[in-house]
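A.B. asks: A structural model of the following input is requested.
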Amino acid sequence: MASDTERMGPGRQLPELLPIFPLRNALLLPRGRLPLNIFEPRYLMMTDHALANGRLIGMVRPQRDNSPDTLYQTGCAGRVTSFMETDDGRYLITLTGISRFLIGEELEADTAFRQVKPDWSPYGMDLWEPEHGDDDPSDIRSRLLDVLLAYLNEAGLKADWDAIKDASVDSIVNSIAMSCPFEPDEQQAILEAASIEDRARALVSLMEISVAESHADMSDPDKKPSRLQ
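C.D. replies: Purely as a prediction, here's the structure:
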């Protein structure tokens with residue numbers, strides 16, 4: 001009988017084999033939601049396979065642009081929670097993050113898409129949604145909100161601040177990390193952070209750096225524009 005940490009909920013076991021979608025500029029975190037527009041034939045086949053076999057797809061990031069062969073070893077599996085097929089044959093899906101994994105072994109698959117044997121064991125706690133308040137140490141929550149406000153102002157981004165203030169740290173981190181224009185390797189660092197609190201601290205550091213770079217660019221017009229502009 002499988003242990004609780006091997007399940008996605010009542011009666012659901014995490015699979016021993018997982019189709020993967022290498023995509024450098026997308027981030028999926030546990031309990032986050034990632035919309036995807038699927039159009040390449042091999043990834044249409046991957047989606048069909050997932051829908052017929054537990055609905056899970058592993059999102060992994062290539063280590064370099066235009067080099068899908070070399071992958072980071074940590075990814076995040078998401079369950080297909082919405083699906084629509086367009087008139088021109090594309091799939092519009094949403095993945096909801098379930099658990100991170102390590103790539104244990106890549107298979108010599110006879111499919112057009114890649115498959116791996118995932119190691120779920122380092123990330124058993126990803127399967128448990130934190131109760132509101134349990135993931136909200138007062139120091140990191142206050143710092144996260146303060147830095148987020150400065151970051152949004154510098155980046156010229158708008159947000160529903162009332163909703164943000166009432167959300168858990170986990171929800172805030174997922175929303176910011178998955179929607180703001182951080183570099184792919186910075187997003188990977190957030191993904192690999194061990195705990196929710198560690199992810200929040202990594203995100204705070206990245207936003208502080210972005211705000212500092214923006215201020216430096218404004219004071220030095222000859223400097224190359226930062227990624228926030």
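A.B. asks: Pull out the buried residues from the host helix or strand of residue 42.
C.D. replies: Secondary structure assignment for residue 42, by DSSP states H and E: helix 41-52. Buried positions in helix 41-52, judged by neighbour count with 16 or more other CB atoms under 10 Å: 43-44, 46-47, 49-50. Glycine gets a C-beta too; all of them are placed from N, C-alpha and C.
A.B. asks: If you count contacts, what does it end up packed against?
C.D. replies: Counting contacts by 3 or more CB pairs under 8 Å, 6 or more residues apart in numbering; DSSP states H and E, helix 41-52 packs against strand 18-22, strand 33-38, strand 56-60, strand 74-85, strand 91-106.
A.B. asks: quick check: angle from it to strand 33-38?
C.D. replies: Per axes from the mean of the first three to the mean of the last three CA atoms, to 10 degrees, the angle that helix 41-52 makes with strand 33-38 is 130 degrees.
A.B. asks: Work out the gap between helix 41-52 and the centre of the chain.
C.D. replies: Helix 41-52 sits 20 Å away from the centroid of its parent chain (CA atoms, centre = their mean, to the nearest Å).
A.B. asks: Stretch 13-29 now?
C.D. replies: Worked out by CA atoms, centre = their mean, stretch 13-29 lies 10 Å from the chain centre.
A.B. asks: got it, and stretch 36-55?
C.D. replies: 18 Å.
A.B. asks: quick one on the thing from earlier: mean confidence (pLDDT) on the helix holding residue 42, please.
C.D. replies: Averaging pLDDT along helix 41-52 gives 97.
A.B. asks: now do stretch 201-212
C.D. replies: 90.
A.B. asks: which other residues reach that stretch?
C.D. replies: Applying CB atoms under 8 Å, 6 or more residues apart in numbering, the contact partners of stretch 201-212 are 140, 143-144, 147-148, 150-151, 154-155, 173, 176-177, 182, 186, 189-190, 193, 226-228.
A.B. asks: Name only those of those that count as buried.
C.D. replies: 140, 144, 147-148, 151, 154-155, 173, 176-177, 182, 186, 189-190, 193, 226, 228.
A.B. asks: Among the residues you listed, which ones are in helices?
C.D. replies: Residues from those lying in helices, with DSSP state H as the criterion: 140, 144, 147-148, 151, 154-155, 173, 176-177, 186, 189-190.
A.B. asks: could I get those as TSV with pLDDT and distance to residue 162?
C.D. replies: Below are these laid out as TSV (pLDDT from 0 to 100; distance: CB to CB, whole Å):
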residue	pLDDT	distance to residue 162
140	83	21
144	89	16
147	91	18
148	89	14
151	87	18
154	82	21
155	76	19
173	90	18
176	87	16
177	90	21
186	91	28
189	93	30
190	94	25
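A.B. asks: Output those in CSV, with distance to residue 91 appended to each entry.
C.D. replies: Shown next, in CSV, are these (distance: CB to CB, whole Å):
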residue, distance to residue 91
140, 38
144, 35
147, 37
148, 33
151, 33
154, 36
155, 31
173, 28
176, 27
177, 25
186, 29
189, 30
190, 27
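A.B. asks: In a helix, residue 162, correct?
C.D. replies: Yes: Residue 162 sits within a helix when classified using DSSP: H, G, I helix; E, B strand; the rest coil.
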